[in-house]
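Novice: below are the sequence and a predicted model; questions follow.
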There are 4 protein chains.
Amino acid sequence: MTHLPAHLLNGYRNFMSGRFTTESKRYQTLAREGQSPSTLIIACCDSRAAPETIFDAGPGELFVVRNVANIIPPYTPDGSHHGTSAALEFAVQVLKVQDIVVMGHGRCGGIGAALNPSAQPLSPGDFIGKWMSMLAPAAEAIAGNGLLTQAERQTTLERISIRYQLANLRTFPCVKILEEKGRLRLHGAWFDISTGELWVMDPKSGDFERPSLD
Amino acid sequence: MTHLPAHLLNGYRNFMSGRFTTESKRYQTLAREGQSPSTLIIACCDSRAAPETIFDAGPGELFVVRNVANIIPPYTPDGSHHGTSAALEFAVQVLKVQDIVVMGHGRCGGIGAALNPSAQPLSPGDFIGKWMSMLAPAAEAIAGNGLLTQAERQTTLERISIRYQLANLRTFPCVKILEEKGRLRLHGAWFDISTGELWVMDPKSGDFERPSLD
Amino acid sequence: MTHLPAHLLNGYRNFMSGRFTTESKRYQTLAREGQSPSTLIIACCDSRAAPETIFDAGPGELFVVRNVANIIPPYTPDGSHHGTSAALEFAVQVLKVQDIVVMGHGRCGGIGAALNPSAQPLSPGDFIGKWMSMLAPAAEAIAGNGLLTQAERQTTLERISIRYQLANLRTFPCVKILEEKGRLRLHGAWFDISTGELWVMDPKSGDFERPSLD
Amino acid sequence: MTHLPAHLLNGYRNFMSGRFTTESKRYQTLAREGQSPSTLIIACCDSRAAPETIFDAGPGELFVVRNVANIIPPYTPDGSHHGTSAALEFAVQVLKVQDIVVMGHGRCGGIGAALNPSAQPLSPGDFIGKWMSMLAPAAEAIAGNGLLTQAERQTTLERISIRYQLANLRTFPCVKILEEKGRLRLHGAWFDISTGELWVMDPKSGDFERPSLD
C-alpha cells in the first residue's frame, strides 16, 4: 500500500525507466562526490515555472530556492529563522556557486496579491499578506497607476520586484564582496508562461531583453 | 548580448525546441486559465533532488517550495516574514491542493550541518545555523548516539525530520482542519540519490517503505 | 538638371523598373476609378516605421496620416486648421474606411521629448513642445516613476499614448456612431524597430499582445 | 486572437519573412543608434502615393509627414497644436535633415475638395473644409477659369499648391536661415498615379519637369 497520489507514482515510474536509467552513472557520482552546482536559482513556487524544466537541467546542475514570488528578504542577522537567507548562505559559502539567477514569471499569484491586498487575510496568520508586504511600497506605487492596464501593472511589478531582489541580494556581505571580486555574478530573468519567452535583465540598465539563441 | 550562464541558455534552447514545442497548447491554457495543481511538495534546494525531475512532472502539476532540508517552521503568527508558511497558506487556501508531500533525500547537506554544527558560523548572520537549529533537539540526540555509524546517523535524522515536518504542518489550523475533514492528505517521502529509490512514509507507523510500482 | 537628392532618384528608378512595371495595371485602375482603401493608419513620421513597409502594402491599400508620435488631437470644432482631424474626416466620411489603426513604435523621439521636455524650446514657436504637451499628464505621471528604467518609461508611455489616441478618436461623433453601428473598427498596434515584432492591442483590456501568424 | 484586419497581418507576415529577414541587421543598428534620415518628405495621405513605395526607400531613409494634400500651414507661433509644424521643427532642428521635399500627386481628393467646396460640410466640425481653405484664394482663381478643363484645373492647382507650400516652408525662421546658409535644400515634386511619372519642380522657374534617370 502506497501513500502517494497516483500521478506522482506514475511520474516516478517514468523517471526510473527513463532519465534515471540513462543517467544512473551521473547520479552515483553525484551521491559519492557530493553536489557542486555552479548556479543558484531563486524561483517562484508556481507549478508552471519550474527552473529545471525551463532550463532543461540535469541532476546536480541547479541549486534551487523556491518561495512565493521569488523574494529574497534583505540581510537581517537577528537570530530568527530565515529560510531563503540560509539557502543563499549555503549556496555561496559552502557550494561556492558562481552565478545567482533571480527568476520571476508572468501571471505570478504572489505579485497579484501584492497589487490587490485583500482586506480579509487568508488565515489568522496572514502569512501571504506579510510575505508580500515586502513589496508594498512598489506595489502601492504601481497599483494606483490608472494609466496602466491590470496586466501591465502585473508585469511591471514582476520586473521591478526582480530588480529589488537583486538589490536585496547585495545587502548580504558575502554576495557583495564576491561580486566585487568578480567571483560571483548576479542575473535577473523573467519567464512568460504563455509564449515560453525568456527575458533576461540587462545588468546596467535593468531592462529586460530577449537573449539571442543563435 | 545576454547575461545568463551558457549552460542555462543552452538548456533553455532545448526546452523551447523540445518540451515547449510539444506542450505549447498546455502552456497557453495554463497561462489563460491559471494554475490548479493538486499537489504541494516541500523539498530541499539540493541540485540532485528536483521534484519535477523525480516525478517526471509536467507544467501545472506541482506547486513546489524548496528550502534547505525541506523544513516547515511551526505555525507562528507573529507578523514576521515567513516564506514557507506563506507558500503553504497560498497552496492550501488559494489553490486548494489536495495533497502535501514533504520530500527529503539522502546525503542532505542541511541535515549534515545539523549533526555537525560548526563552532564557526559561515557568516556573521549564521543563517544556516539558525535555520537548522529547528532540528537541534533531535540532532543532538542522534549525534551523540555512538551505536550508529555516521551514515546511519545522517539517514536517521533525515527521516526523523520528515516526521517532524509533518507534525509542524499540522500546527497550521487550516491544514489540521482540512485533513480532519478528509479534504487534504499529508505524505512523507525520501529519495536516495545514489540508487534512485523512493521511500514513502507509512502514515500510521511512520516507517519508510518502497511503494509498489506494478 | 534635376533637383532631387540622388538617393531619391535612384530609388524612383528602382520603383519604375520594379514595382511599377509589375503593377502598372493596378496603378491605372486606381487612377481611373479612384482610391478605395479599407484602412486608415495613423502613424509616426519616424523613418524606421513606415506602415507601407511593415505591412508590405501595395498601392491603394492604406490611407496614411503621419505626424510626430501618431497623435490624434481630440475633436475640436473651433474653425482652426486641424490636419489630422481633416484626414480622419476624409477617411471616414468620404472614403468610408472600415478600420482605423493607431500605430506607435519603440524608441519614438516624440515620446522621448514628452518624457524629457527641454527647458529650452527648439525654436521660438516651440511646436514640438506644444504638440507633445497633449500627452503631458500621462508623461508627467510616468516620467516621475523611479521604479521604472528609462527604456521602460519610454515603452510604457508609447503604449499609454496609443490608448489615449483611441479614446481621442472616439471623441469624433462620426467615429463613435459608426463604431457603435459595427461599421468601423478601431485598433492599436505597436512596432518594435529592433526585433521587428508587432504588438496588437486587445480592445477590451488595452493590453498589447503579439498576434498569431500561423 | 488578433484584432487587425487580415490584409495587414498577411502583409506583416510577408515583411517578416522578406524584408525584415534581409535587413534585420540594419533594423538593429537603427534601433541602437537612432534614426538619422537626410530627407524630410511632406506628402499626401493618399493610398496611391506612399513616398517609401515611389522612392523604394529602406528603413531609416525618409522622415515622412502625411496630411491631406501635403500642406504646410505657415509659421504661426500661437501656442496651438500644429502637427505639421512640429514635425518640421523636429526634422530640421533635431534630425538636421539636408533636404525637404514637398510631394504632391495627381487626382488628389483634397485638391478636388478645394476646387469644389461643398455647401454641406462633411461633419459639423468641417475639418476638411477648414484645412483646404488654406488654398482658397488660389482655388477660387482657378475654379472660375473656364478656359481650363476640369482635369487641367485639378493639375494646375496641385502644382500651384506645391509652390505655395514651399513658400510657407520659408516662413519658418529655421528653414529660411539654414537654406540661406546652404545647409538645407527645398524641393517640389509631383507624382502621376496613372503613368508612374515623377515631375520635379525647377527651383528657379517653378516649372515641373521630368528628371533624367540615365
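Specialist: Thanks, I have the structure now. Numbering: from 1, shown residues only, chains lettered A, B, ... in the order given.
Novice: just give me how far stretch A:47-58 sits from the chain centre.
Specialist: Distance, stretch centre to chain centre, for stretch A:47-58: 11 Å (Cα atoms, centre = their mean, to the nearest Å).
Novice: can you list contacts of that stretch?
Specialist: Residues outside stretch A:47-58 that contact it (Cβ atoms under 8 Å, 6 or more residues apart in numbering or on different chains): A:23, A:26, A:41, A:43, A:61-62, A:64, A:103, A:105, A:191, A:193, A:198, B:7-8, B:11-12, B:14-15, B:18-19, B:27, B:30-31, B:35, B:37, B:50, B:52-53, B:57, B:59-64. Every residue, glycine included, has its C-beta placed from N, CA and C.
Novice: from those residues, which land in helices?
Specialist: Of the contacts of stretch A:47-58, the ones assigned to helices by DSSP state H are A:26, B:7-8, B:11-12, B:14-15, B:19, B:27, B:30-31, B:52-53.
Novice: now do the same contact list for A:Asn67.
Specialist: A:42, A:44-45, A:83-84, A:131, B:65, B:67, B:83-84, B:86-87.
Novice: what does the pLDDT read for the closest residue to A:Val68 other than its chain neighbours?
Specialist: Leaving aside its sequence neighbours, A:Val68 sits nearest to A:Gly110 (Cβ to Cβ, 6 or more residues apart in numbering or on different chains; 4.1 Å). At A:Gly110, the pLDDT value in this model is 95.
Novice: right, is the helix or strand hosting A:Asn168 up against chain C?
Specialist: Per DSSP states H and E, A:Asn168 falls inside helix A:150-169. Yes: using Cβ under 8 Å from any Cβ of the partner chain, we find that helix A:150-169 touches chain C at A:150-152, A:156, A:159-160.
Novice: ok, back up a step: strands - which of the contacts of A:Asn67 land there?
Specialist: In strands, judged by DSSP state E, the following of the contacts of A:Asn67 are found: A:42, A:44, B:65, B:67.
Novice: and for the third one, the neighbour number?
Specialist: By the measure other Cβ atoms under 10 Å in any protein chain shown, the count of residues near B:Val65 is 28.
Novice: OK, contacts around it?
Specialist: A:45, A:66-67, B:40-43, B:83-84, B:87-88 are the contacts of B:Val65 under Cβ under 8 Å, 6+ apart.
Novice: can you rerun that using 6 Å?
Specialist: B:Val65 makes contact with A:45, A:66, B:42, B:84, B:87, according to Cβ atoms under 6 Å, 6 or more residues apart in numbering or on different chains.
Novice: now do it against B:Tyr75, distance only.
Specialist: Distance check for B:Val65 against B:Tyr75: by Cβ to Cβ, to the nearest Å, it reads 15 Å.
Novice: just grab the bridge partners of the spatially most central residue of chain A for me.
Specialist: Taking Cα atoms, centre = their mean, the centroid of chain A lies closest to A:Ala43, which sits 1.5 Å from it. Beta bridges link A:Ala43 to A:Arg66 when assigned by DSSP bridges.
Novice: next one: it from A:Ala31, what distance?
Specialist: From A:Ala43 to A:Ala31 the distance is 25 Å (Cβ to Cβ).
Novice: check which residues of stretch A:178-197 are buried.
Specialist: A:178-179, A:184-194, A:196 (16 or more other Cβ atoms under 10 Å in any protein chain shown).
Novice: mind giving me the domain split of chain A?
Specialist: A:1-33, A:35-209 (automatic domain parsing).
Novice: adding pLDDT and distance to B:Asn116, write the contacts of A:Asn67 out as TSV.
Specialist: What follows is the contacts of A:Asn67, written out as TSV (pLDDT from 0 to 100; distance: Cβ to Cβ, whole Å):
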residue	pLDDT	distance to B:Asn116
A:Ile42	98	27
A:Cys44	98	32
A:Cys45	98	30
A:Gly83	94	20
A:Thr84	96	23
A:Trp131	94	31
B:Val65	98	26
B:Asn67	98	20
B:Gly83	94	26
B:Thr84	96	24
B:Ala86	96	31
B:Ala87	97	29
